[in-house]
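1. dropping a prediction and its sequence here:
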Amino acid sequence: MWRVVLLVLLATPAAAEVLRPADDAALAAALAQARPGDEIVLGAGRWRGPLVIAVPLTLRGEPGAVVDGHGSGHVIEVDAPDAVIEKLAIAGSGSDLDRMDSGVFLTTSALRARVEGNTLTDNLHGIRIQGARDAQVIGNRIEGRRGRQADLGNGVSVWNAPGAVVANNDISWGRDGIFVYVSKKNTFRGNRMRNTRFAIHYMNTSDSAVIGNDSRDNGLGYAIMFSDRLTVTGNRSENDRDYGFLFNSANRSVLTDNVVIGHPAPESRWRDIGQSREAGVPDTGPGDRIAPGKCVFIYNANRNTFTGNRFEGCGIGIHFTAGAEGNIVARNDFIANRVQVKYVGTRYLEWSQDGIGNYWSDNAAFDLNGDGIADGTYRPNDMIDKVMWTAPQARMLLTSPAVQILRWAQKRFPAVLPGGVTDSHPLMRPNSERPLK
């Protein structure tokens, strides 16, 4: 009988322990001796990194606990599945871009790792998910470095990590807020990005979701490039400098209920900023930036659906170019953009669906039957606009009688227009104000 009891005891895993190291030497010993399921709790004070997590354990900090990498490599490297890093201050990674030095680095072995509730400052990359499938990066505050952009890393980087979730993080400075490359089935949700180059940057990533994120005061809000079958919904871009959304070779995606708010400066301010940029004078800061030149820029992006979005206060509402085909654009609001649509092409594009188009704030239309649909077709630009885009020096002729006569003729004889965007069912009220059947 005693032999059976002994065999059962040997086969039963030891209970997980909570380890509270007193100093750096004790922490190194705890990491070396820890067993799966153990929890290591760091008290207030500075703990010396770099640290390597080689077994599935939890590394947790009490208030005031700081892990300092002292400028060498990754501050914390996770090389085991199901590990948890939480409630720590993490600072001082190395600066080697080739080695991808990071505050927290999740290797391909860090399956299902969770990095939650940490504060990361002064790291090259904040958190890098390097092939760690189903990893979760949740509720962290990440402040990147400042300086020459070529020397900076990203807040969160994702590479080849299907199922990774990046949610509810507050990210500022550095290069890109969230950068993903060659991955799939990722979710970026509820993140806030400030003062970066691109808030969210997609490259060669498909079948993923970008939901409810907030981008403000960045160079560009959401750059979706060479990626297919994305769901992009409920996101906001405000006062991002160049674009709210950029779609370059992004196909078969659904973009709904997103908001871009530009608040452009007066025309004189636009001209002054443009001259400053030509002269190589940088912007002085987010408060001095002109808000996005374009709410949306669509370049060679095909078979996407744009519905229920609001594009307001930009230099250009949508710039549509380079053979983008098969896109549905309906039920969107275009409000107070200096140019609602810029499209230079000879094809006709109809921007309405099932008898419902978009709202255009500059469309002085009538609705005699009261159905909420304007009685006439709306054309956001004409032949004169195309001449001005291709030959800006012709702008001095805008007020000439000849140009005014030509515009009058085009409105009454639309057959003379060489293609362009039309909305045959423009809406009388913005999306937020109208009950649609």
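-> Yep, it's here.

2. ok, now how distant is the closest residue to D122 other than its chain neighbours from A364?
-> Leaving aside its sequence neighbours, D122 sits nearest to A91 (Cβ to Cβ, 6 or more residues apart in numbering; 4.8 Å). Every C-beta, even on glycine, is put in place using the N, C-alpha and C of the backbone. From A91 across to A364, the span is 57 Å (Cβ to Cβ, to the nearest Å).

3. how about stretch 29-47, which residues are buried there?
-> By 16 or more other Cβ atoms under 10 Å, the buried positions in stretch 29-47 come out as 30-31, 34, 38, 40-42, 46-47.

4. also stretch 121-131?
-> 121-131.

5. hmm, back to that, report the beta-bridge partners for the residue nearest to D122.
-> Here A91 shows beta-bridge partners D68, T121, assigned using DSSP bridges.

6. neighbour count winner among A91 and A364?
-> Shown here are A91 and A364; by other Cβ atoms under 10 Å, A91 has more neighbours (21 against 8).

7. re the thing from before, and the buried residues of stretch 29-47 as CSV, adding distance to G221?
-> As requested, these are exported to CSV (distance: Cβ to Cβ, whole Å):
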residue, distance to G221
A30, 43
L31, 40
A34, 42
D38, 42
I40, 39
V41, 39
L42, 37
R46, 37
W47, 37
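
8. hmm, which two among those residues are most spread apart?
-> D38 and R46 (22.5 Å; Cβ to Cβ).

9. output the lowest mean pLDDT helix or strand found in this structure.
-> For the chain, the helix or strand with the lowest mean confidence is helix 267-278, at a mean of 38 (criterion: mean pLDDT, DSSP states H and E).

10. next SSE after it?
-> Using DSSP states H and E, the helix or strand that follows helix 267-278 in sequence is strand 294-299.

11. contact partners of that following strand?
-> 237, 242-249, 260, 262, 304, 306, 311-312, 314-322, 324, 327, 337, 342 (Cβ atoms under 8 Å, 6 or more residues apart in numbering).

12. narrow the buried residues of stretch 121-131 to those in strands?
-> Those of the buried residues of stretch 121-131 mapping onto strands are 121, 125-130, per DSSP state E.

13. now, which of the residues you listed sits nearest N168?
-> I127 (13.3 Å).

14. tally of neighbours for D371?
-> Neighbourhood size, D371 [other Cβ under 10 Å]: 12.

15. measure it to N258 for me?
-> From D371 to N258 the distance is 27 Å (Cβ to Cβ).

16. can you name the residues bridging to V329?
-> Applying DSSP bridges to V329 gives these bridge partners: F306.

17. I'd like the numbering to begin with 38 instead of 1 from here.
-> In the new count, where the first residue is 38, that last one comes out as V366.

18. could you say what helices and strands the lengthiest strand in the chain packs with?
-> Using DSSP E to define each element, the chain has its longest strand at strand 235-243. Contact partners of strand 235-243 among helices and strands, from 3 or more Cβ pairs under 8 Å, 6 or more residues apart in numbering; DSSP states H and E: strand 215-221, strand 257-262.

19. quick one: strands adjacent to the last one?
-> Sheet pairing here is set by DSSP bridges, and for strand 257-262 it gives strand 235-243 (parallel), strand 280-285 (parallel).

20. name the surrounding residues that touch stretch 198-206.
-> So stretch 198-206 is contacted by 143, 166-179, 192-193, 195, 215, 220-229 (Cβ under 8 Å, 6+ apart).

21. before we move on, what about stretch 62-77?
-> With contact meaning Cβ under 8 Å, 6+ apart, stretch 62-77 is reached by 50-51, 53-58, 79, 84-85, 88-97.

22. and the pLDDT at A401?
-> The score at A401 is 85. That number is its pLDDT.

23. follow-up on the earlier one: turn the helices and strands packed on strand 235-243 into JSON lines, columns for mean pLDDT, distance to A102 and mean neighbour count.
-> Listed next are the helices and strands packed on strand 235-243 as JSON lines, based on pLDDT from 0 to 100; distance: least, Cβ to Cβ, whole Å; neighbours: other Cβ atoms under 10 Å:
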{"stretch": "strand 215-221", "mean pLDDT": "97", "distance to A102": "26", "mean neighbour count": "22"}
{"stretch": "strand 257-262", "mean pLDDT": "97", "distance to A102": "35", "mean neighbour count": "26"}
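
24. can you redo these as CSV with distance to V152?
-> Shown next, in CSV, are those (distance: least, Cβ to Cβ, whole Å):
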stretch, distance to V152
strand 215-221, 14
strand 257-262, 23
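
25. shaky segments in the protein?
-> 38-51, 300-329, 359, 419-456, 471-474 (pLDDT under 70).

26. against S194, how distant is the residue most central in space within it?
-> Central residue of the chain (Cα atoms, centre = their mean): I237, 2.4 Å from the mean position. Using Cβ to Cβ, one obtains 12 Å as the distance from I237 to S194.

27. common neighbours of these two, please.
-> I215.

28. any idea how far stretch 67-86 is from the middle of the chain?
-> Centroid separation for stretch 67-86 versus its chain: 34 Å, with Cα atoms, centre = their mean, to the nearest Å.

29. ok, now stretch 332-348?
-> Counting by Cα atoms, centre = their mean, stretch 332-348 comes out at 15 Å from the chain centroid.

30. do the same with stretch 133-144
-> On Cα atoms, centre = their mean, the centre of stretch 133-144 falls 21 Å from the chain's centre.

31. next: stretch 103-120.
-> Centroid separation between stretch 103-120 and its chain, computed with Cα atoms, centre = their mean, is 26 Å.

32. that stretch: end-to-end distance?
-> Stretch 103-120 has an end-to-end distance of 19 Å (Cα to Cα, to the nearest Å).

33. can you check stretch 97-104 too?
-> Rule used - Cα to Cα; the end-to-end distance of stretch 97-104 is 11 Å.

34. list the buried ones in that stretch?
-> Quick answer for stretch 97-104 (16+ other Cβ under 10 Å): 97-98, 102-104.

35. try stretch 457-473
-> For stretch 457-473, by 16+ other Cβ under 10 Å, it's 457-460, 462-465, 467-468.

36. in the sheet, who's paired with M262?
-> Beta-bridge partners, per DSSP bridges, of M262: M240, N285.

37. which residues are in contact with it?
-> By Cβ under 8 Å, 6+ apart, M262 lies in contact with 238-241, 283-287.

38. quick one: the strands in the stretch 288-437 of the chain, in order.
-> 291-293, 296-298, 331-336, 342-344, 347-349, 353-358, 365-367, 370-372, 376-380, 385-387, 396-397 (DSSP state E, counting those that start in this stretch).

39. those strands: which one's closest to S132?
-> Nearest to S132, of these and by Cβ to Cβ, is strand 331-336 at 33.0 Å.
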